[in-house]
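> Predicted model, plus sequence, below.
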Amino acid sequence: MKDPTLFDKIGPAKLRAVIARFYDVVLSDMMIGFMFRDVVRTAGKQHLIDREVEFVASFLGAPDIKYVGRPMRAAHARHQIFGGQFERRLQILREAMAAEGVDPEVQAAWIAHTNALRAQITRDAGSECGVSAPPPLAIAPSDQSDRRIKLGRK
């Protein structure tokens, strides 16, 4: 007997439930919901759910489900998606998976796969978590009074 795939661990019904829950939240979210309005208006919410099910099922190892949507870069090209918006989507996804009781191994793989696509989706390179920012500028206490004077403050 072969080892179960990640798709076997979630199953088609739970996968669809997670994605439906996910889009219920996403579509009403102030930070990212507006990006989906045109697709929902023209193709419908079910279209989004169906493409996402195909996409996720295929990378989780579903044997008979193929993704027929556009490549990630093309699908997201019309929006300028920033790192914070990407992170908001990830948070909603995490919450939907937790609410549906998704196996932790499946959750980890799904989040890792999504993160691997970040550069194809976002437009603000360097916004990724874990990228170290330069250290803040330090002003020595004795320099603060000089700085205030130079800026015209007393």
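Done, it's in. Numbers count the residues shown, from 1 in each chain.

> pLDDT below threshold where in the chain?
Applying pLDDT under 70 to the chain flags the ranges 1, 73-74, 125-154.

> mind redoing it with 50?
Filtered on pLDDT under 50, the chain yields the residue ranges 131-150, 153-154.

> In it, where's the longest helix?
helix 6-26 (DSSP state H).

> so what does that one touch, helix or strand wise?
If you count contacts as 3 or more Cβ pairs under 8 Å, 6 or more residues apart in numbering; DSSP states H and E, helix 6-26 packs onto helix 45-59, helix 83-99, helix 104-116. Any C-beta I mention is one placed from the backbone N, CA and C, and that applies to glycine too.

> now those in TSV, with distance to Ile10 and mean neighbour count?
Listed next are the helices and strands packed on helix 6-26 as TSV, based on distance: least, Cβ to Cβ, whole Å; neighbours: other Cβ atoms under 10 Å:
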stretch	distance to Ile10	mean neighbour count
helix 45-59	9	17
helix 83-99	9	17
helix 104-116	5	15
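
> which one of the ones you listed lies closest to Asp29?
Nearest of the helices and strands packed on helix 6-26 to Asp29, taken as Cβ to Cβ: helix 83-99 at 6.7 Å.

> and for the closest one, what are the contacting residues?
Contacts with helix 83-99, where a contact means Cβ atoms under 8 Å, 6 or more residues apart in numbering, come from 18-19, 21-22, 25-26, 29, 31-32, 35, 106-107, 110-111, 114-115, 118, 121-122, 124, 127-129.

> Kindly recompute the last result at 6 Å.
For helix 83-99, contacts defined as Cβ atoms under 6 Å, 6 or more residues apart in numbering pick out 18, 21-22, 25-26, 31-32, 107, 122, 124, 127.

> Nearest to Ile81 among those residues?
Of all these, Ile81 sits closest to Thr122, with 5.0 Å by Cβ to Cβ.

> give me every residue that touches that closest one.
Contacts of Thr122 by Cβ under 6 Å, 6+ apart are 81, 83, 86.

> Can you give me the separation between Ala99 and Ala17?
9 Å (Cβ to Cβ, to the nearest Å).

> hmm, I was thinking of Gly33
20 Å.

> ok, of the contacts of helix 83-99, which one's closest to Arg41?
Of the contacts of helix 83-99, the one sitting nearest to Arg41 (Cβ to Cβ) turns out to be Val26, at 15.2 Å.
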